[in-house]
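Visitor: Mind folding the following:
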Amino acid sequence: MNVVSSSVSLTVTDPAASSRFFTTHLGFREVLVDEDFVELARDDAAVDLVLVRRDIEQHGPGQGPIDVVVSFEVTGIAAEYERLRNEEVGLSVTLRQEPWGELVVRLVDPNGLVVQLTEWVPPAGI
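Guide: The predicted structure follows:
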């Protein structure tokens, strides 16, 4: 098997709002746009995101993925953190370093999707 591309489909209440968030703050571009979904991509190794409008008749109110975190390993996380702070993006976890060496920032889009940015920094002594 040879995987040539990949995507994650996320069910949200307002695909357009999430699309604006990802294109404005995280460098994605819209590839396909419809009333009920938006496909987003980047030119680097990031996975494509498909934002699908929640169908209340199919999923019911409040049902769907719980505790989904979309995570991107990045470089230059400190500069990204400052840029996002200046853009007044909703940060749920400010820049911090985990004991195992990972730098982490978490932000939340208008639909409540949690996006985590990480950068590996080896802990002292490794």
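
Visitor: any idea of the pLDDT on Gly125?
Guide: We have a pLDDT of 63 for Gly125.

Visitor: Let me fix that, I meant to ask about Gly112.
Guide: If you check Gly112, the pLDDT there is 89.

Visitor: Confirm it sits in a strand?
Guide: No: applying DSSP: H, G, I helix; E, B strand; the rest coil, one finds Gly112 to be coil, outside a strand.

Visitor: Distance of it relative to Asp43?
Guide: Distance of Gly112 to Asp43, computed by C-beta to C-beta, to the nearest Å: 27 Å. Heads up, the C-betas are built off the backbone N, CA and C, glycines and all.

Visitor: in this protein, what spans have low per-residue confidence?
Guide: 1-4, 55-67, 123-126 (pLDDT under 70).

Visitor: run the last query once more with 50
Guide: The chain contains residues with pLDDT under 50 at 59.

Visitor: can you give me the helices in it?
Guide: Ranges of helices in the chain, per DSSP state H, are 15-25, 56-59, 77-86.

Visitor: Mean neighbour count and distance to Leu49 for the ones you listed - can I get that in CSV?
Guide: Formatted as CSV, the helices of the chain follow (neighbours: other C-beta atoms under 10 Å; distance: least, C-beta to C-beta, whole Å):
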stretch, mean neighbour count, distance to Leu49
helix 15-25, 18, 7
helix 56-59, 9, 18
helix 77-86, 15, 18
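
Visitor: got a markdown table for those helices, with distance to Asp36 too?
Guide: Output for the helices of the chain, formatted as a markdown table (distance: least, C-beta to C-beta, whole Å):
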| stretch | distance to Asp36 |
| --- | --- |
| helix 15-25 | 7 |
| helix 56-59 | 12 |
| helix 77-86 | 29 |
